[in-house]
Each structure stands twice: as C-alpha cells, then as structure tokens.
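Peer 1: Sequence isn't available, so here's the structure alone:
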C-alpha cells in the first residue's frame, strides 16, 4: 500500500524549513553587498522564505531578527519594503515572546548606535503589525501591496 501524497505546499514548506539556516546565511551575506541587485535578490529570498516557512522560522529567530534589523535601514526602498513585509510574516506566525526579547535586547545594548536602535524599532513595529494580521492568507494579502507599492514608486 502506497503512502498518501503530501500536498505540494506542505512539501515546499518542509524543504524551505530544512534549508532555512542556509537561506538566512546567504541573505546575511548578500544584504551587505554594495550592489543593489544582490540586496534586492536577498531581500526577496528572505521575504519568500519567511512567507513559506511560517511558524517554522521560530527556531531561527536569533538569526532572522538581527538580519531584519540590519537590513531594514537599507538605502534601497525596495529592500526596506521587503524586509518590513518579512517582519510582518514573522510577527504573524511566530511566538511574540521570542522576538520581543530579541528586540528589547538589541534596544538595551549600550553599544548600539541610534540608527541601529531606530532600525530595531522599525522591525519591532513590523512584527507587532504582523501579530494583528494573524497566520494565514491575510498576512500574504497585505504583503503583496507593500511590494507593489515599492515597485510603483521606483518606476
């Protein structure tokens, strides 16, 4: 007797979750590049990974939240929009007690600059906003206009 097939969406989620550590490492590397195209590509990858992985991002928050905080202040508006949309995904699907502690630690760091603290507050706002969206299709619907808005302004 054959095992029942898992839905394609579930398989994709499992694959992205399995590779999430590597995905975040690639994003971290490429988001500090000088070329805008690499940063945009990395922010799109992070956006897609957080959207697909959902709550499975939870065990990786110690890598993801600082990544969001460092990238949200990018000069490229498209990168910043995608990073905020990624924060919405994380906020909608992950336990808030985890990411709140990470953000508060970053804000309390006496070595952090004002710009770093401001970036952390922007990410924290995105995460909190994500909580209001809740998991599921609503978080996907609100992220699409953010991307479209960024592209429209850049044209």
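Peer 2: Thanks, I have it. Owing to the predicted nature of the structure, the values given are computational and were not obtained by experimental measurement.
Peer 1: and whichever helix in the chain runs longest, which residues are buried?
Peer 2: Within the chain, and with DSSP state H defining each element, the longest helix by residue count is helix 114-133. Buried residues in helix 114-133, defined by neighbour count with 16 or more other C-beta atoms under 10 Å: 116, 119, 120, 122, 123, 124, 126, 127, 128, 129, 130, 133. For every residue, glycine as well, the C-beta is placed using N, CA and C.
Peer 1: Kindly report the same for stretch 11-31.
Peer 2: So stretch 11-31, judged by 16+ other C-beta under 10 Å, has buried residues 13, 16, 17, 20, 23, 24, 27, 28, 30, 31.
Peer 1: where's the first one relative to residue 122, distance?
Peer 2: Right, residue 13. With distances taken as C-beta to C-beta, to the nearest Å, residue 13 is found 27 Å from residue 122.
Peer 1: Stretch 110-124: how far from the chain's middle?
Peer 2: 17 Å (C-alpha atoms, centre = their mean, to the nearest Å).
Peer 1: what's the answer for stretch 47-60, then?
Peer 2: Going by C-alpha atoms, centre = their mean, where stretch 47-60 is centred and where its chain is centred differ by 8 Å.
Peer 1: next one: stretch 30-47
Peer 2: On C-alpha atoms, centre = their mean, the centre of stretch 30-47 falls 12 Å from the chain's centre.
Peer 1: Mind listing what's buried along that stretch?
Peer 2: Judged by neighbour count (16+ other C-beta under 10 Å), stretch 30-47 contains these buried residues: 30, 31, 39, 40, 41, 42, 43, 44, 45, 46, 47.
Peer 1: So the last one sits against residue 87, correct?
Peer 2: No - in this structure, residue 47 sits apart from residue 87 without contact. The criterion is C-beta atoms under 8 Å, and the distance is 9.9 Å.
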